[in-house]
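need coordinates for the following:
(2 chains)
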Amino acid sequence: MKQEFVKLIDVSRCTACRGCQVACKQWNEMPASRTRQHGTYQNPQDLQWNTWTLIRFQEHVDKSGTLRWLFRKDGCMHCTNAACVKSCPTGALYYTEFGTVAINKEACIGCKACVAACPFDIPRYNEADEKIYKCDLCYTRLQEGQKPSCVLSCPTGALSIGKKEVMIEKAYARVKELGGDANVYGDKFVGSTHVIYVLTEKPEVYDELPSHPAVPFSIILWKNLFKPFTLIGLGAVAGLAGLHYLIKGPHKVHEKNEGGE
Amino acid sequence: MTNHYIDIKNSDVILIMGSNAAEHHPIAFKWILRAKDAGAKLIHVDPRYTRTSARCDYHVPIRSGTDIAFLGGMINYIISNDKYFKDYVVNYTNAPFILHQDFSFNDGLFSGYDPEKRKYNKDTWTFQKDANGVPMKDFTLQDPKCVFQALKQHYSRYTIDKVSSITGVSKENLLRVYSEYAATGVPDKAGTECYALGWTQHTSGSQNIRTMAIIQLLLGNMGIAGGGINALRGEPNVQGSTDHCILYGNLPGYLKMPSSSLDTIEHYLDKYTPKSNDPQSANYYINYPNFYVSWLKALYGEAATPENGFGYSWTPKMDDGKAYSQLHLFDKMLAGKVKGLFSYGTDPAVSSPNTGKTRKALEQLEFLVSANIFDNETCSFWKGPGVDPKKVKTECFLLPASATMEKEGSQSNSGRWVQWKYKAANAPGDAISCGDIQIRIIDAIKALYAKEGGPNAESVLNLKWDYKNRDGSMNVEKVSKQINGHFTVDVEIDDKGVKKQFKKGDCVPTFGMLKADGTTSSGNWIMAGSFEANGENKMKKRGKDDPTGLGLYPNWSFCWPVNRRVIYNRASCDVNGKPYNPKRKLLEWTGDKWVGDVPDGPWPPMADKEKGKYPFIMKQDGVGSLFGPAMAEGPFPEHYEPLEGPLTKNPLSSQLINPAIEIFKGEMDKTANASEEFPYVCTTYSCTEHWCSGALTRWQAWLLEMQPELYVEIGDELAKKLNIGNADWVVVSSARGQAKCRAMVTKRFKPFKVEGKTVHQVGMPFNYGWLYPEGGSDSTNFLTTTVGDANTFCPEYKAFMVNVAKVQGV
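Sure thing, here's the model as predicted:
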């Protein structure tokens, strides 16, 4: 591995301008969907095959009765022990030299094992080309020594990227400065993620953010026990997905994009 | 801005009021966060909890249209708790000045009011003068007729109880903001204020800002690093367009548009050149004739001579006492008095108030010329909802214009930094810049006039118009040099004791060298100095050195005036020129010169009674105006209710609304104050994702995806009362029209307690129109009132009354 990179999302500096959401689509040439107003600034409503990062807006009244408007940039966490990589039967999902998780679209067979496996509910399936899509932390930009386009677009310093140890130190320093319930999220599970948050509230306060993310047991079973002895095949994948379903239950159903693209 | 964006990082307390800085100035907001990182307090006062509130230390909800009451209470707090910066107030403001014997204020009205004309005679809004004609002063501030005592008395009525009852702000919140902000009234603290359209778009908009200016003067926050009154202007180049006279009453550089009774240039210059008999007042506008005549020379070139008054008689004049704002434009258009409209880069059929009236007015035009990068609701009004194209006689032209990235030129930020930008891409198809469009139109008009003659022929034929490249396209650098100005003859100038020679055609390096005798030409005096005499374009400078460490970056671009980064900066030092705050040393007098920022004039500080000058050099009396007689509705800002509000009586006086606003009385100008039919206060705004009317951004699929259609933000308590669920279809209606949209039910709007009653407020963006996206919502401005600020006619988009009802069966 060349150098592990970590992207830090400091929610205490985010103004939800959504420059990152647009910059992501622009760099990755993803089309927009025709959405409607759902009674929230958050739009699209969830991550989609063509929306790899999304600012989640959440009105939250804290313990003291004070209204907080929480903005959380959602997207791939780039795990060290990535359930998606472990579950991928074809090797389409893989670790890069930066520790991030990229995807080789040619190799993706659209089996959706990663969709079921990901503890953060990130990968999205596109029915049109039967492939999986997600953030690759701008792998080609990183290769050229450039920042990911979301980081480049961020005007306030809520997003930054750098060497893993430097960013983790920066995150803890910021948490100390913020005090209260502020915490670092990401370095303590799934072998540490390559996207970490500085959160101002406890993780369980945030929508769609697991408090204790883990690689599903079924995946560990598959990866460590069965996979070495079995041929990769759709049957095995289906069995895996079934096993995961039994143990973990499904993610919420991913809504289809509204209005087409 | 008196200061500039980067300077905000130097502040100790940042009051964001009248602005949603994080949403509308997302890039600039980083400097606000820098200040926060350094320990500054961030306070957001706004009717609605916004993305700005989310990043501030706390949010204080306030009822729309009551900012003067809120700030008037702060003035009262500062004075009665002795929190003002005495040295500054005594020396640098007109606090000690003795007012006219007959100046008075009684029950909401100042002396001199004419209720018929809704205007003031300002004869008593003046100072008593001594035998030499210098204003009389009492430096103890004890004289009952001095400005300070009048100010104190005026705002003594703005008690915490009263202010809380008017604004709906809790007493606890009032005291918290007042005490934290007033704490900056000491030499080593700086407080700044960031405002935008949340303050200007009211019938008392200008006075909202004036009230804050009074606070900043009382606290000694003007002219210092981290201080000032800072209008956050935006991407539309508002700063640049204002500098270059987008407002009807202005000429370039804030010179005044003449009116018809000023029949000669002498009469005109006499009226607008202020006089001061105080030898210590620089009264810099004594140079007005130099700026104005140089402008005429830029307009008419060699045709402007001393004999013909430099062509003064050829320039357009306003009728005396008449206003020509956007409100008047559409009012007259509706009456059939306007034949044609050029609508460049604007979409008034969405963005002007009272859309129903605006669109009806457009139908009366003979021709409409739009220059835009997309079609919009204005250009296509003839096929809009409810319009029968067969009945519209207007001939409409849509000229394809290039976008901002497709042309070279200057762009001014709010901090008055004029930065050169380069063309990034060619415009598609036939699109050309608006400048090129203008070149071609004026060329054609001049040719027609040369052939056929016509009204005001001298004005057209004598117009200097040589801004082209060989291929006929606009030479933008030639235009910029003309704006900067040049010498029209060879001259020798004594520049602070040094003799300097300039050749005819050399650029004028500073406006101090402009002359009223025709030997200089300058299209906009404040821009004189944007080029070096040798033609070097200073707007292209990109030096990153920061000698003061305060973020002035003197070698980055050109900043008007004369590269001064903080205006009134001499007020950052005491009367001997020593910085009040040595930690943030903006400027210092070293005994023979000023060191630091470019000073407000070279003179010694005012303690030098012989050569020294007062710090506010652009003011006639050399000091900041606590008493501001230039305002239409009074020298001290007073709270009046919006034209449409929830109250039948102003809690402070018998004068319910601003006594100096013009009331439009046409059939389409209906209003409904304190009516049961329209019980909710409404305010309008933009959002980060769209720009103004959305005429550009609605066509951008990624932006439309994030903010796809019109919504109304409703507090959850009101929504519950009206049985409205989140994302339900609702109709918002006012006395003038209605808008169908989605409900956004939120905790971010809370009801106010006003005069014992519960008052709900809702808010809507104004970024949508019928043309695109198809099937989308139409303009929010069907709801707004045709009324404007008493000084500027900036429309009151920020406060009016509506009803909200759920659409059944959708």
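
how about the contacts made by B:Thr264?
When contacts are counted by CB atoms under 8 Å, 6 or more residues apart in numbering or on different chains, B:Thr264 touches B:Gly309, B:Tyr312, B:Ser313. Backbone N, C-alpha and C define where each C-beta goes, glycine included.

count of neighbours near the second one?
Other residues within reach of B:Tyr312 by the criterion other CB atoms under 10 Å in any protein chain shown amount to 22.

quick check: it is in a helix.
Yes - under DSSP: H, G, I helix; E, B strand; the rest coil, B:Tyr312 falls within a helix.

so how far is B:Glu302 from it?
16 Å (CB to CB, to the nearest Å).

before we move on, what about B:Thr358?
Per CB to CB, B:Thr358 is found 43 Å from B:Glu302.

again, but for A:Ala182
For A:Ala182, the distance to B:Glu302 - CB to CB - is 69 Å.

just for chain A, where's the confidence low?
Counting by pLDDT under 70, chain A has low-confidence residues at A:1, A:222-250, A:260-261.

so which residues of it form helices?
Per DSSP state H, chain A carries helices over the ranges A:19-27, A:83-87, A:113-117, A:139-143, A:149-153, A:164-178, A:217-221, A:234-248.

other SSEs contacting the third one?
Judged by 3 or more CB pairs under 8 Å, 6 or more residues apart in numbering or on different chains; DSSP states H and E, the packing partners of helix A:113-117 are helix A:83-87, helix A:234-248.

write out the residues of the stretch 601-750 of chain B neighbouring chain A.
Contacts of the stretch 601-750 of chain B with chain A, taken as CB under 8 Å from any CB of the partner chain, map to B:687-689, B:701-711, B:726-727, B:741-748.

and these, which of them are buried?
B:687-689, B:702-711, B:727, B:741-746, B:748 (16 or more other CB atoms under 10 Å in any protein chain shown).

give me the number of residues near the residue in the stretch 101-250 of chain A that chain B sits nearest to?
Closest to chain B within the stretch 101-250 of chain A is A:Pro155: 4.5 Å, counting by CB to the nearest CB. A:Pro155 is flanked by 19 other residues according to other CB under 10 Å.

and the gap between it and B:Val169?
Going from A:Pro155 to B:Val169 by CB to CB gives 31 Å.

and what of B:Ser410?
Distance from B:Ser410 to B:Val169, counting by CB to CB: 42 Å.

what of A:Arg174?
Distance, A:Arg174 to B:Val169, by CB to CB: 33 Å.

ok, B:His100 next?
Separation of B:His100 from B:Val169 (CB to CB): 35 Å.

out of these two, which sits in the busier spot?
Applying other CB under 10 Å to B:His100 and B:Val169 shows that B:Val169 carries more neighbours, namely 25 against 17.

phi, psi of the more buried one?
Taking degrees, to the nearest 10, you get phi -90, psi 140 for the backbone angles of B:Val169.

who's in contact with it?
Each residue near B:Val169 by CB under 8 Å, 6+ apart is listed here: B:Val45, B:Val60, B:Pro61, B:Ile62, B:Arg63, B:Phe70, B:Val163.

out of those residues, which sit inside helices?
B:Phe70, B:Val163.

which single one of the contacts of B:Val169 is nearest to B:Asp263?
B:Phe70 (45.5 Å; CB to CB).

for the nearest residue to B:Ala701 once chain neighbours are set aside, what are its contacts?
Leaving out its chain neighbours, the residue that sits closest to B:Ala701 by CB to CB, 6 or more residues apart in numbering or on different chains is A:Ala32, at 3.7 Å. By CB under 8 Å, 6+ apart, the contact list for A:Ala32 reads A:Lys25, A:Asn50, A:Glu261, B:Ala701, B:Trp702, B:Leu704, B:Glu705.

doesn't A:Gln26 make contact with the fourth one?
Looking back up the chat, that one is B:Ala701. No - when contacts are counted by CB atoms under 8 Å, B:Ala701 is not listed as touching A:Gln26 (10.9 Å).

and B:Val45, bridged to which residues?
B:Met17, B:Val60 (DSSP bridges).

contact partners for it?
Neighbouring residues of B:Val45 by CB under 8 Å, 6+ apart: B:Leu15, B:Ile16, B:Met17, B:His59, B:Val60, B:Ile62, B:Phe70, B:Val169, B:Val177.

what separation is there between the fifth one and B:Asp46?
Using CB to CB, we find B:Val60 at a distance of 8 Å from B:Asp46.

what does the stretch 1-150 of chain B put close to chain A?
Residues of the stretch 1-150 of chain B lying near chain A (CB under 8 Å from any CB): B:22-23, B:26-27, B:29-30, B:33, B:49, B:51-55, B:58-59.

ok, so of those, who is nearest A:Ser211?
Using CB to CB, the residues of the stretch 1-150 of chain B next to chain A come closest to A:Ser211 at B:Ala54, 22.9 Å.

now do the contacts for that closest one.
A:Thr15, A:Ala16, A:Arg68, A:Trp69, A:Leu70, A:Phe71, B:Ala22.

buried residues, the helix or strand that contains it. List them.
B:Ala54 belongs to helix B:51-55 when assigned by DSSP states H and E. Within helix B:51-55, the residues that count as buried by 16+ other CB under 10 Å are B:Arg51, B:Thr52, B:Ser53, B:Ala54, B:Arg55.

pLDDT and distance to B:Ile657 added to those residues, as TSV?
Shown next, in TSV, are these (pLDDT from 0 to 100; distance: CB to CB, whole Å):
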residue	pLDDT	distance to B:Ile657
B:Arg51	98	32
B:Thr52	98	29
B:Ser53	98	29
B:Ala54	98	34
B:Arg55	98	35
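
give me the number of residues near the nearest residue to A:Glu127 once chain neighbours are set aside?
For A:Glu127, ignoring the flanking residues on the chain, the nearest one in space by CB to CB, 6+ apart is A:Lys256 at 7.9 Å. Residues lying near A:Lys256 (other CB under 10 Å) number 10.

and A:Lys256, how close does it get to A:Ser211?
The separation that A:Lys256 has from A:Ser211, given CB to CB, amounts to 29 Å.

likewise for B:Asp789?
Distance, B:Asp789 to A:Ser211, using CB to CB: 52 Å.

neighbour-wise, which of the two wins?
B:Asp789 (25 against 11).

can you pull the contacts of the more buried one?
With the criterion set at CB under 8 Å, 6+ apart, B:Asp789 makes contact with B:Thr200, B:His202, B:Thr203, B:Ser204, B:Gly205, B:Ser206, B:Ile661, B:Glu796.

export those to TSV and append columns for pLDDT, neighbour count and secondary structure.
Below are those laid out as TSV (pLDDT from 0 to 100; neighbours: other CB atoms under 10 Å in any protein chain shown; DSSP: H, G, I helix; E, B strand; the rest coil):
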residue	pLDDT	neighbour count	secondary structure
B:Thr200	97	20	helix
B:His202	98	30	coil
B:Thr203	98	29	coil
B:Ser204	98	31	coil
B:Gly205	98	27	helix
B:Ser206	98	22	helix
B:Ile661	98	21	coil
B:Glu796	98	27	coil
